[in-house]
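Chemist: task: produce atomic coordinates for the following.
(2 chains)
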2 protein chains.
Amino acid sequence: MSLDHARAKPHDRLAAALEGDLALVGALIRERMASEAAPRIPQVTAHLIEAGGKRLRPMLVLAAARMMGCEGPFHVHLAVAVEFIHTATLLHDDVVDDSKQRRGRPTANLLWDNMSSVLVGDYLFARAFQLMVEPGNLRVLDILANAAATISEGEVLQLVAARDLATTEETYIKVIRGKTAALFSAATQAGGVIAGADSGQEEALREYGDALGIAFQIVDDLLDIEGTEAIGKNRGDDLREGKLTLPVIRAIAGASDEERAFWTRTVGRGQVEPADIEQARGIMERHGALASTRAEAMSWVERAKAALDRVPAHPLREMLADLADYVVAREV
Amino acid sequence: MSLDHARAKPHDRLAAALEGDLALVGALIRERMASEAAPRIPQVTAHLIEAGGKRLRPMLVLAAARMMGCEGPFHVHLAVAVEFIHTATLLHDDVVDDSKQRRGRPTANLLWDNMSSVLVGDYLFARAFQLMVEPGNLRVLDILANAAATISEGEVLQLVAARDLATTEETYIKVIRGKTAALFSAATQAGGVIAGADSGQEEALREYGDALGIAFQIVDDLLDIEGTEAIGKNRGDDLREGKLTLPVIRAIAGASDEERAFWTRTVGRGQVEPADIEQARGIMERHGALASTRAEAMSWVERAKAALDRVPAHPLREMLADLADYVVAREV
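Modeler: Alright, predicted model coming up:
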C-alpha cells in the first residue's frame, strides 16, 4: 500500500505501517471463524466481520506490541482475539438494542434471527478465549479476562440506566469505560505485555487505551446528534433507545420545565418523532452541552497522549498520538 | 449431613462426601456473582443459580480432583467456573428457546427481559474465564476454552437442525456432545489435571465425562416424552420446539405415511396440540423407539464405567460409577 503520509488519516497510516501483520490477522480471522460442525457460524460472522470494520482494536494490539519490540507471532493471536470479542459484543448488542442496521447494512439479528446472534456471539467469545490461551502468557489472560468482565458489567449498567433521567456523569463514564474503553485498554496493555514491556510501560499503554476509548465513545455519542447518516447507524438511535449520553445528561442538568418535559417524553418514555432529533440538538446547543462534551472528549485525548509520552519514542507511537487527535476530529 | 448410604441416591452420596468442598463452592459463587457496578447481575444470577440446581457439574470437578489426590484450593475455582458456564448457557438457551419455565420457576427472560439474560450470561462467562485463569494452569485453560467452543457449536447446530426431519443420529450425537457432554467431560478432565493426573488418567476422566453427559442428555430427551411434570420444564417442550431427539429420529426412520404426516405437522411445523404428546409416545412405542433409545443411553453408561476402571480405585470412583447408573434410572 502506498500512501501520501503527510495527508493520509492516522488510521490509514497505521494500517499501512502494520500491513504485514494485518494480513496475518485477516488470515487468522478466516481460519478461526470457521466451524465444521455448524456452517451457520461463519456465515453470520463473515456478514459482520468483513463488513468494512476498521480493525481499530486489532491495530491497537499490533501497534502496542510492535513499538515495544515484539517479534511475534502471538501478537497476531491477541489481535484476532480482541476483534472476536468486539464482534461478539456487537452481535449481542444488536439483540439487546433490537437494532436493524449496523455499518450501513442490515444487522445479523435481522438477517437471521436473535438466536443465531446470541449463539454465534458465544462461539466467537469461546474462540477468542482459545486464541488468548495459545501464547501461554498468564498475565495476558488475566488482562483480557478482566476486560471481558468489565465489558459486560458496562453493558448491564447501560441497560439498567436507560431512560433514567437522573443518570449521573459518573455513571456515564462507568458505562462507556466498560462498553468501549475496557477493550481498547486491554488491547494496548496486552500488546505491550506480549512484547515484554515493564510494569511502568504496561500501565502507560493501559492508560492510553483507556483514555482513547473514552474519548472515542464520547465522540460516538456526540455523532448520534451531530453526525451524518454516513456512520452507518441511524442518527438519533441513542435518543430512541433512551441512552443517557453525556450531551443529554448535560442538557438535562440545565433544563427548563418545558425542556424537562421534552426529555421525559423522548429519552424517558421513548416517544421520539423525527423532528425531535433537531429539537434535541437545539436544546443542547442552547445549554452549550455539545461544546462542553467535545471539550470533555478532548481532555481525554490529552490524557491519552500524555500516557504515550511514558513509552520510548517510535514511529508507531507518533501514529497512536495522531490517532487520538483524529478520534475527536472525525465526522463519521 | 447424615445419610443412610446404602439407600441414598448416588447424587446425594456424592454431595455428602464432598460436603466441605461444596460449601466452599457455594461461598465462591456468591462472592463472584456480585457486581458493584451493576446490581441487576446478582439478582438475575441468584434467581437461577440458587433455584435448586443439583450442582452436578461442580461435583464432577470436585470428585475427579479429590479422587486423583487434589489438595486444593483451585479445584473449587474450577468447579465454580464450570457452574458459571453452565448457568450462562441456560440464560442464553432460555432466550433462544423463548422458554417460560426452568426448574419449575419462571425463567429469567420472563422475569426481567431477554436483554438481561443475554448480558448477564456474558458476565458469568467472563467471570468463569477469570476463575479459570487463577490456578495458573495452561492445560486446564486449554481444556475449558475448547469446551466453550464445542458447547456453542453444539447449540448452533441444534438451532440449524431444528424442525429438519432428515436429521441423522450422527448429527444428534454431535449436538448433545456439544450442548451437554462437552462441559461434563471438561469438568472431569480439568478436575484430574488440576490434581496432577497423568495423560492416561486424564483421558479416562475425559471419556467418563463425555459418556456420562451423552447418557444424561439422551435420558433428558426421553423424559420430555415419558417424564412427569416434576422435572420442572413442561412435558413436550422439545416436541414443540422442533428438536430432533433420538426417540423422534428413530420413530421417523420407520414411520408410515400417516405417521410421517404427524411428524411433519408437529416437529416440522410446530403445530403441537396437548393430545399430540400422547400420540407421539404411542407412535414411538409402536416402533420400539423408546426402548431402543433407553438401550442406547445404557450403552453410554457402560462406556462411562469402563473408562472409570482406568483410574485408581477410590470411594469417589465408586460413587461416580453409581452416578452413571443413576442417570438412566432417574425419572425426573
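Chemist: tell me who's in contact with the residue lying closest to A:F216 once chain neighbours are set aside.
Modeler: Among residues not flanking A:F216 along the chain, A:V327 sits closest, at 5.0 Å (Cβ to Cβ, 6 or more residues apart in numbering or on different chains). Every C-beta, even on glycine, is put in place using the N, C-alpha and C of the backbone. Contacts for A:V327 (Cβ atoms under 8 Å, 6 or more residues apart in numbering or on different chains) come out as A:L212, A:A215, A:F216, A:V219, A:A297, A:V301.
Chemist: top of these by number of neighbours, please.
Modeler: Neighbour counts for those, by other Cβ atoms under 10 Å in any protein chain shown, peak at A:L212, which reaches 29 neighbours.
Chemist: if I read this right, it contacts A:D322, doesn't it?
Modeler: No - A:L212 lies out of contact with A:D322 (Cβ atoms under 8 Å); the separation is 11.6 Å.
Chemist: so who does A:H77 touch?
Modeler: Residues near A:H77 by Cβ under 8 Å, 6+ apart: A:L28, A:L131, A:M132, A:E134, A:P135.
Chemist: just the residues you listed: which are in helices?
Modeler: Counting by DSSP state H, those place A:L28, A:L131, A:M132 in helices.
Chemist: of those residues, list those near chain B.
Modeler: A:M132 (Cβ under 8 Å from any Cβ of the partner chain).
Chemist: can you pull the buried residues of stretch A:113-132?
Modeler: Buried residues in stretch A:113-132, counted by 16 or more other Cβ atoms under 10 Å in any protein chain shown: A:114-132.
Chemist: same question, stretch A:60-69
Modeler: So for stretch A:60-69, counting by 16+ other Cβ under 10 Å, buried means A:L60, A:V61, A:L62, A:A63, A:A64, A:A65, A:R66, A:M67, A:M68.
Chemist: so, low pLDDT: which residues of the stretch 1-150 of chain A?
Modeler: A:1-7, A:48, A:50-53, A:96-112 (pLDDT under 70).
Chemist: which bits of it sit near chain B?
Modeler: Residues of the stretch 1-150 of chain A lying near chain B (Cβ under 8 Å from any Cβ): A:35, A:37-41, A:89, A:92, A:95-96, A:114-116, A:118-120, A:122-123, A:125-127, A:129-130, A:132-133, A:136, A:138, A:141-142, A:145-146, A:148-149.
Chemist: kindly report the same for the stretch 151-300 of chain A.
Modeler: Within the stretch 151-300 of chain A, the residues that sit near chain B (Cβ under 8 Å from any Cβ) are A:I151, A:S152, A:E153, A:G154, A:E155, A:V156, A:L157, A:L159, A:V160, A:K174, A:G178.
Chemist: now the element after the top helix by length along chain A, going C-ward?
Modeler: The longest helix of chain A (DSSP H) is helix A:199-226. Helices and strands here follow DSSP states H and E; after helix A:199-226, the next one along the chain is helix A:237-240.
Chemist: give the burial count for the residue lying closest to A:R163 once chain neighbours are set aside, as a bare number.
Modeler: Excluding the flanking residues, the one nearest A:R163 by Cβ to Cβ, 6+ apart is A:G242, at 3.8 Å. Here the number of neighbours of A:G242 (other Cβ under 10 Å) works out to 18.
Chemist: next one: A:G242 from A:T167, what distance?
Modeler: For A:G242, the distance to A:T167 (Cβ to Cβ, to the nearest Å) stands at 10 Å.
Chemist: same question for A:A148.
Modeler: 24 Å.
Chemist: chain center to stretch A:21-35, what's the gap?
Modeler: 20 Å (Cα atoms, centre = their mean, to the nearest Å).
Chemist: contact partners of it?
Modeler: A:15, A:41-42, A:45-46, A:49, A:55, A:58-59, A:62, A:66, A:72-73, A:75-77, A:79-80, A:83-84, A:123-124, A:127, A:130-131, B:153, B:156.
Chemist: filter those residues to the buried ones?
Modeler: By 16+ other Cβ under 10 Å, the contacts of stretch A:21-35 give A:15, A:41-42, A:45, A:49, A:55, A:58-59, A:62, A:66, A:75-77, A:79-80, A:83-84, A:123-124, A:127, A:130-131, B:153, B:156 as buried.
Chemist: which of those fall within helices?
Modeler: Among the buried ones among the contacts of stretch A:21-35, the ones falling in helices (DSSP H) are A:15, A:41-42, A:45, A:49, A:58-59, A:62, A:66, A:75-77, A:79-80, A:83-84, A:123-124, A:127, A:130-131, B:153, B:156.
Chemist: report all helices and strands that the helix or strand containing A:V248 contacts.
Modeler: Per DSSP H and E, A:V248 falls inside helix A:246-253. Helices and strands touching helix A:246-253, by 3 or more Cβ pairs under 8 Å, 6 or more residues apart in numbering or on different chains; DSSP states H and E, are helix A:169-176, helix A:199-226, helix A:257-263, helix A:274-286, helix A:289-308.
Chemist: format those helices as CSV; extra columns: distance to B:M284 and mean pLDDT.
Modeler: Listed next are the helices and strands packed on helix A:246-253 as CSV, based on distance: least, Cβ to Cβ, whole Å; pLDDT from 0 to 100:
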stretch, distance to B:M284, mean pLDDT
helix A:169-176, 52, 96
helix A:199-226, 55, 96
helix A:257-263, 60, 97
helix A:274-286, 57, 94
helix A:289-308, 64, 97
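Chemist: for the ones you listed, which one sits closest to B:E203?
Modeler: helix A:199-226 (38.6 Å; Cβ to Cβ).
Chemist: show me what the closest one is packed up against.
Modeler: Packing partners of helix A:199-226 (3+ Cβ pairs under 8 Å, 6+ apart): helix A:56-67, helix A:169-176, helix A:182-194, helix A:237-240, helix A:246-253, helix A:274-286, helix A:289-308, helix A:315-329.
Chemist: in the second one, what's buried?
Modeler: When you say that, I think you mean helix A:169-176. A:T171, A:Y172, A:I173, A:K174, A:V175, A:I176.
Chemist: tell me the one of those residues nearest chain B?
Modeler: Chain B lies nearest to A:K174 out of the buried residues of helix A:169-176, by Cβ to the nearest Cβ, at 6.1 Å.
Chemist: wait, that closest one touches A:L157, no?
Modeler: Yes - A:K174 lies in contact with A:L157 (Cβ under 8 Å); the separation is 6.1 Å.
Chemist: quick one on the thing from earlier: single out the most deeply packed of the helices and strands packed on helix A:199-226.
Modeler: Comparing these by mean neighbour count (mean count of other Cβ atoms under 10 Å in any protein chain shown), helix A:182-194 comes out on top with a mean of 29.
Chemist: just the C-alpha atoms of that helix, please, in PDB.
Modeler: The C-alpha trace of helix A:182-194 is given here as PDB (Å, rounded to 0.1, in the frame of the first residue of the first chain):
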ATOM      1  CA  ALA A 182     -12.100  -1.700  28.600                       C
ATOM      2  CA  LEU A 183     -11.300  -3.500  25.300                       C
ATOM      3  CA  PHE A 184      -9.200  -0.600  24.000                       C
ATOM      4  CA  SER A 185      -7.100  -0.600  27.100                       C
ATOM      5  CA  ALA A 186      -6.800  -4.400  27.200                       C
ATOM      6  CA  ALA A 187      -5.700  -4.300  23.600                       C
ATOM      7  CA  THR A 188      -2.800  -1.800  24.200                       C
ATOM      8  CA  GLN A 189      -1.900  -3.300  27.500                       C
ATOM      9  CA  ALA A 190      -1.900  -6.900  26.300                       C
ATOM     10  CA  GLY A 191       0.100  -5.800  23.200                       C
ATOM     11  CA  GLY A 192       2.700  -4.300  25.500                       C
ATOM     12  CA  VAL A 193       2.900  -7.400  27.800                       C
ATOM     13  CA  ILE A 194       3.300  -9.900  25.000                       C
END
